[in-house]
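Asks: Sequence first, predicted model second:
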Amino acid sequence: PLTSWGYLGGGDNGLGQNAGVRGVAADPCPAGSIKQMLNGDGVSTPGEDPSVLLSDYCVPCGPGVFCDESTSQASQNCPAGTYGAIIGAKSSLGCIECPVGTYQDMDGQFDCQVCPPNTFASAPGATACLSCGDGYEVSVAGSNLCNACPAGKFRDAALSDNCQECPAGTSSGEGEATCNIRL
């Protein structure tokens, strides 16, 4: 019988009990759950060795993975670029694309990472963030684009994370990596 998440079932418990009960050893788990070996009822009873695994139980799939009916023996990881925040996901539809400005470069994760300074992810489902080039910066972490440095400021990506004021006697146009001496 299916009771909450404990789909109890058969197999001999070593004492000849439940030997005729058809259990999850032969039955697939419902979608969103996976088989896990547990000690009987999970309670140590006098005379019972709690370290002996007696029954299969169906338990919900954890975050970052999904379990469809065809794979009740193993969960499947949500792919890179997605995350699985739902416990008991029944299909890959439980894996959600990382939002714009975030990324996930590993499989089986339950959240996405905000892009580091001066990098961006402009589309959902990013597996990496792109770097802002010379003359551009990201104004806010998690942004989806790079902004050109305004006239009078510059950014050499190898030297600075942010647009810098041009030194006295120099100037720059919009989106410049260097400042030029004014004539």
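Replies: Thanks, I have it. Residues are numbered from 1 along each chain as shown.

Asks: Need phi/psi at Pro117.
Replies: When read as degrees, to the nearest 10, the backbone of Pro117 gives phi -50, psi 140.

Asks: Leaving out chain neighbours, which residue sits closest to it?
Replies: Asp161 (5.3 Å; CB to CB, 6 or more residues apart in numbering). Backbone N, C-alpha and C define where each C-beta goes, glycine included.

Asks: quick one: the one you found from Gly169, how far?
Replies: Going from Asp161 to Gly169 by CB to CB, to the nearest Å gives 25 Å.

Asks: Compare these two (neighbour count), which wins?
Replies: Asp161 (13 against 8; other CB atoms under 10 Å).

Asks: is it true that that one touches Glu137?
Replies: Yes. Applying CB atoms under 8 Å as the test, Asp161 and Glu137 come out as touching, 7.3 Å apart.

Asks: okay, and the common contacts of the two?
Replies: Residues touching both Asp161 and Glu137 by CB atoms under 8 Å, 6 or more residues apart in numbering: Asn118.

Asks: So what's the predicted local confidence for Pro164?
Replies: Small correction: residue 164 is Gln, not Pro. What the model reports as pLDDT for Gln164 is 93.

Asks: cool, Pro28 as well?
Replies: 69.

Asks: Equivalent analysis for the one 10 residues further on, please.
Replies: Leu38 carries a pLDDT value of 58.

Asks: coming back round to it: ok, the residue nearest to Pro117 to Pro167 distance?
Replies: 18 Å.

Asks: Kindly report the same for Arg182.
Replies: Counting by CB to CB, the gap from Arg182 to Pro167 is 11 Å.

Asks: List the residues that are in contact with both of these two.
Replies: Counting by CB under 8 Å, 6+ apart, Arg182 and Pro167 have no contacts in common.

Asks: Ignoring the adjacent residues along the chain, who's closest to Ile87?
Replies: That would be Pro60: by CB to CB, 6+ apart, it lies 5.1 Å from Ile87.

Asks: which residues touch that neighbour?
Replies: So Pro60 contacts 5, 32-34, 87-88 (CB under 8 Å, 6+ apart).

Asks: same question, Cys61
Replies: Going by CB under 8 Å, 6+ apart, Cys61 touches 32-34, 67, 75, 87-89.

Asks: Likewise for Pro167?
Replies: Contacts of Pro167 (CB under 8 Å, 6+ apart): Cys179.
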